[in-house]
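>>> Fold the following and give me the result.
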Amino acid sequence: MTKILPLAFVLLWSSAFITTLPIVLNSDPFSALAFRFFFVAICFLIFVIYKKINLKITFKNLINCFGTGVLFHGFYLGGVFYAIFVGLPTGLVALIVTMQPIFTNLMAGYFLSENVSIKQWIGVSLGFLGAVMVIGFDIGNQIPLKGFIATIIALIAITSSTIWQKKISNNVPLAVNNMYQALGAVIFHLLIIMFFFDGPFININFQFLMAMSHQVFLVSLGAFSILMYLIKKNSASKTVSLFFLIPIVTASMAALFLGEKLSAIDLMGFLIASTGVFISTRK
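Presented below is the predicted three-dimensional model:
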């Protein structure tokens, strides 16, 4: 089962990039994310009550859950959604965020006392090279500065939150942790809307509801729970190496569902990145 989880995570997480565009075409990014995580929090609450899991946690753990939720679902997803909202190409967003394993490897040794081996660094280098080959040659020349800055903020946020989550992941049950993270995200995005973002809107239509349902159930309840589990069971540096497959699988999904073509360079990049992930994560 645990061997299937990394594959499921990559497929589900990659699919989120495909459904982000129809969401931000019908909503501002922060209203959409507040909407999404309101229902995510309710779903986890129902699950926790059904499983009779104790909701009570220490104040320190509550702050940790809220903090990682704000980083994961607030700054990371907020940055990704906002970047696509202002017109940054989805492929470029995926590529920038894919640099996360490099920063995580740098931080894991210092903050988590993990031994990041030469083998892992070789895998990380191959993964990044493959991702650049897949996405890098398809990037357009017009890049919105605000979108680029938002994506850099997203990259820093998901790197920091991965390290933080690894340090606290053994203290709180997974479902309870995810529920409080989602609640923190709702509060964060509502505050962003209230104080920083003018003209929030959501157009409830079939396209929006289908894309949002996908992101609530398959991404937030599925992929994110798998990510939290993998971080808990594996080293942070090994887990995030899977992210190098995200832009490649995203490009493949775009070719399948949106009719975008994959070149020979794309296929070669896929092979190189896959090899890098294998080298970095194998025992």
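
>>> pLDDT-wise, which helix or strand of the protein ranks last?
Lowest mean confidence among the helices and strands of the chain (mean pLDDT, DSSP states H and E): helix 236-239, at a mean of 70.

>>> Is the most far-flung residue of the chain relative to its centre in a helix, a strand, or coil?
What lies farthest from the middle of the chain is residue 52; by C-alpha atoms, centre = their mean that is 28.6 Å. In the three-state summary, residue 52 is assigned as coil, counting by DSSP: H, G, I helix; E, B strand; the rest coil.

>>> Could you report the separation of it from residue 175?
Distance from residue 52 to residue 175, counting by C-beta to C-beta, to the nearest Å: 11 Å. Glycine gets a C-beta too; all of them are placed from N, C-alpha and C.

>>> And residue 92, by the same measure?
34 Å.

>>> What of residue 207?
Taking C-beta to C-beta, one finds residue 207 at 30 Å from residue 175.

>>> Show me which of the two is the more surrounded one.
residue 175 (21 against 14; other C-beta atoms under 10 Å).

>>> Buried residues, the helix or strand that contains the more buried one. List them.
Residue 175 is part of helix 174-195 when elements are defined by DSSP states H and E. Neighbour-count burial for helix 174-195 flags 175-186, 188-190, 192-193 (criterion: 16 or more other C-beta atoms under 10 Å).

>>> Give the other helices and strands that that helix contacts.
helix 29-50, helix 59-69, helix 77-85, helix 224-233 (3 or more C-beta pairs under 8 Å, 6 or more residues apart in numbering; DSSP states H and E).

>>> Identify the residues contacting that helix?
Contacts to helix 174-195, defined as C-beta atoms under 8 Å, 6 or more residues apart in numbering, come from residues 28, 30-31, 33-34, 37-38, 40-41, 44-45, 47-48, 51, 53-55, 57, 62, 65-70, 72-74, 77-78, 169, 172, 200, 220, 224-225, 228-229, 232.

>>> C-alpha coordinates for that helix, PDB please?
Provided in PDB are the C-alpha atoms of helix 174-195 (Å, rounded to 0.1, in the frame of the first residue of the first chain):
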ATOM      1  CA  LEU A 174      -3.300  13.100  11.000                       C
ATOM      2  CA  ALA A 175      -7.000  13.900  10.500                       C
ATOM      3  CA  VAL A 176      -7.000  16.300  13.500                       C
ATOM      4  CA  ASN A 177      -3.900  18.000  12.100                       C
ATOM      5  CA  ASN A 178      -5.400  18.400   8.700                       C
ATOM      6  CA  MET A 179      -8.700  19.800  10.100                       C
ATOM      7  CA  TYR A 180      -7.000  22.500  12.100                       C
ATOM      8  CA  GLN A 181      -4.700  23.300   9.100                       C
ATOM      9  CA  ALA A 182      -7.800  23.800   6.900                       C
ATOM     10  CA  LEU A 183      -9.400  26.000   9.600                       C
ATOM     11  CA  GLY A 184      -6.200  28.100   9.700                       C
ATOM     12  CA  ALA A 185      -6.400  28.400   5.900                       C
ATOM     13  CA  VAL A 186     -10.000  29.600   6.000                       C
ATOM     14  CA  ILE A 187      -9.200  32.300   8.600                       C
ATOM     15  CA  PHE A 188      -6.100  33.400   6.600                       C
ATOM     16  CA  HIS A 189      -7.800  33.800   3.300                       C
ATOM     17  CA  LEU A 190     -10.800  35.600   4.900                       C
ATOM     18  CA  LEU A 191      -8.300  38.100   6.500                       C
ATOM     19  CA  ILE A 192      -6.600  38.600   3.100                       C
ATOM     20  CA  ILE A 193      -9.900  39.300   1.500                       C
ATOM     21  CA  MET A 194     -11.000  41.700   4.200                       C
ATOM     22  CA  PHE A 195      -7.800  43.800   4.400                       C
END
